[in-house]
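Participant: Sequence unavailable; structure follows:
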């Protein structure tokens, strides 16, 4: 289905879900049930076809019939087992350090109170992992059937950053996905989306192997866009329902504040904390500090960096898209009925109140795991950086006019990487004025520098880079898209994307 047609379908379905949530939910139940029935029908049809084929061949005692049946069986059995395997598909349980009631009695007491108030199912496992996130996963014990096991996963960085009330709002939101009729349906739809996605991929991969696989692939290609659209809108609707659960439990103010903190601080961690840590590899063979033992103080000290009006303004402008069932921060905050404002600085984080001494143990454990995973990457970067910095010093000892074009470009790019884009700008400008081009890499980096200074002329440089080096098409298109999306809106960004990547039209 064409992306624009799909977008229109989603918009129409969202309007239906707003007008009559119950009726729309009923439609999704029908589609979900029909999908299961279709799978059962495929299994039953294949089994009956094989059975009656054997009967006919045996009754007529025709060896040619048995040979044809054998050929047909070879063609059908892979599809039969693909569909059968879907019903026993096991989703991988989430990973993390499991804690018991004795490890964190305050946290488990809070979970007991929440469960009693919301009348929801039992949380069987509580895990702490290394992400800035919180989530609940519900896994069936036997593929799509049988009882379910519920996992609550709390990221240690998240617990180090959130005040207890906002943490409870987040957990209540996640737990709300499991409560009541809507929670059971959303959990089932989530699992079914996984199953049908896997089936769709496998059948499409085998579409050329037989006419039956081709027919099933064709049917799924027509069905899946509608199925995805309906279930996507339901999942989006469930996010608002879960937010209402959180607001009812802890209050709309705490819920709205938590949504804003999670967006701003989560972005800062991805864009600033981790890059700064890995930047140390340029000069040091080992980190000067390990992330998790220092994260609480780093998050506290960085408040004035991430909690700014500019960052909030940019985040507030972000719109909900079709690639994430979670609505945008703005849509979710507005749904709480509260005005947006910067969250206050945390005095006592949830980790301190809920986990106590366990925080230090988990931080040390996660630091060891992190260094074991990243050590080779770190050491490789350190060796590369030391060689590059030595080479940069060598090039900087010579006047620009004496450098060959290749060396001039190398100096510009190394300066941008190891000093600053600002320091590289005059060198790039000097290179781009020389004959003997084009210089697509230089144009790309120069374009990025100009966009960083809010100059639209950077778009021309990115376009030239993409035109002269195919490997730069996607990064150039992405850089221009992000720039225009923030300043001129989605339509201008889409037009730019289509211009640089014409095959995407």
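Facilitator: Structure's in. What do you need? If you're wondering where the values come from, they're calculated on a predicted model, not measured in any experiment.

Participant: Surely residue 392 is in contact with residue 415?
Facilitator: Yes - the pair residue 392 / residue 415 is scored as a contact, 6.7 Å apart, by Cβ atoms under 8 Å. C-beta here means a position set from N, CA and C on the backbone, and glycine is covered the same way.

Participant: ok, these two, which is more surrounded?
Facilitator: Legend: neighbour count by other Cβ atoms under 10 Å for residue 392 and residue 415, higher for residue 415 (22 against 18).

Participant: The more buried one sits in which helix or strand?
Facilitator: For residue 415, the host element (DSSP states H and E) is helix 405-418.

Participant: Next secondary structure element downstream of that helix?
Facilitator: helix 421-432.

Participant: What lies in contact with that following helix?
Facilitator: Helix 421-432 has contacts (Cβ atoms under 8 Å, 6 or more residues apart in numbering) with 400, 405, 408-409, 411-413, 415-416, 439, 442-443, 445-446, 448-449, 452.

Participant: Give me the buried subset of those residues.
Facilitator: 408-409, 411-413, 415-416, 439, 442-443, 445-446, 448-449 (16 or more other Cβ atoms under 10 Å).

Participant: Serialize those to CSV and add fields for distance to residue 110.
Facilitator: Below are these laid out as CSV (distance: Cβ to Cβ, whole Å):
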residue, distance to residue 110
408, 62
409, 58
411, 58
412, 56
413, 52
415, 53
416, 49
439, 59
442, 56
443, 56
445, 50
446, 54
448, 46
449, 49
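
Participant: Farthest pair within those residues?
Facilitator: For the buried ones among the contacts of helix 421-432, the maximum inter-member distance is 18.3 Å, found between 408 and 448 (Cβ to Cβ).

Participant: now the helices: where do they sit in the stretch 251-400 of the chain?
Facilitator: Here the stretch 251-400 of the chain has its helices, by DSSP state H, counting those that start in this stretch, at 252-268, 274-279, 291-301, 303-306, 309-317, 329-336, 350-355, 358-396.

Participant: for the ones you listed, which one sits closest to residue 223?
Facilitator: Ranking the helices of the stretch 251-400 of the chain by distance to residue 223, with Cβ to Cβ as the measure, places helix 329-336 first at 28.9 Å.

Participant: Could you list the buried residues of the closest one?
Facilitator: Quick answer for helix 329-336 (16+ other Cβ under 10 Å): 329, 330, 331, 332, 333, 335, 336.

Participant: Go ahead and confirm the second one touches residue 340.
Facilitator: Yes - taking contacts as Cβ under 8 Å, residue 330 lies within contact range of residue 340: 7.4 Å.

Participant: Pull up the overlap in contacts between those two.
Facilitator: Taking Cβ under 8 Å, 6+ apart as the criterion, residue 330 and residue 340 both touch residue 316.

Participant: Residue 480 belongs to a helix?
Facilitator: Yes - using DSSP: H, G, I helix; E, B strand; the rest coil, the secondary structure at residue 480 is a helix.

Participant: wouldn't it be in contact with residue 462 here?
Facilitator: Yes - with contact defined as Cβ under 8 Å, residue 480 reaches residue 462; the gap is 5.1 Å.

Participant: Find the residues that touch each one of these two.
Facilitator: Joint contacts of residue 480 and residue 462 (Cβ under 8 Å, 6+ apart) are 451, 500.

Participant: follow-up on the earlier one: any chance of the buried residues of helix 329-336 in CSV, with pLDDT too?
Facilitator: Formatted as CSV, the buried residues of helix 329-336 follow (pLDDT from 0 to 100):
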residue, pLDDT
329, 93
330, 94
331, 92
332, 94
333, 95
335, 93
336, 93
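
Participant: now the residues you listed as TSV including distance to residue 108?
Facilitator: Formatted as TSV, the buried residues of helix 329-336 follow (distance: Cβ to Cβ, whole Å):
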residue	distance to residue 108
329	30
330	34
331	33
332	28
333	30
335	30
336	28
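
Participant: From these, pick the one nearest residue 292.
Facilitator: Relative to residue 292, the closest of those is residue 329; by Cβ to Cβ it sits at 26.1 Å.

Participant: tell me the mean pLDDT for whichever helix or strand residue 465 is part of?
Facilitator: Assessed by DSSP H and E, residue 465 sits inside helix 457-468. Helix 457-468 carries an average pLDDT of 94.

Participant: Ok, stretch 378-385 next?
Facilitator: Stretch 378-385 comes out at a mean pLDDT of 96.

Participant: buried ones in it?
Facilitator: Residues 378, 381, 382, 385 are the ones in stretch 378-385 that count as buried (16+ other Cβ under 10 Å).

Participant: what pLDDT does residue 180 get?
Facilitator: 60.

Participant: same question, residue 86
Facilitator: The model's pLDDT for residue 86 equals 59.

Participant: again, but for residue 364
Facilitator: On the pLDDT scale, residue 364 is placed at 96.

Participant: repeat for residue 137
Facilitator: Per-residue confidence (pLDDT) for residue 137: 85.

Participant: The helix or strand hosting it: partners in the sheet, and parallel or antiparallel?
Facilitator: Residue 137 is located in strand 134-142, with elements delineated by DSSP H and E. The sheet places strand 134-142 alongside strand 145-155 (antiparallel), with pairing taken from DSSP bridges.

Participant: tilt between the strand it pairs with and helix 252-268?
Facilitator: If you take axes from the mean of the first three to the mean of the last three Cα atoms, to 10 degrees, strand 145-155 sits at 70 degrees to helix 252-268.

Participant: So which bits of strand 145-155 are buried?
Facilitator: Residues of strand 145-155 classed as buried: 148, 150, 151, 152, 153, 154, 155 (neighbour count, 16+ other Cβ under 10 Å).
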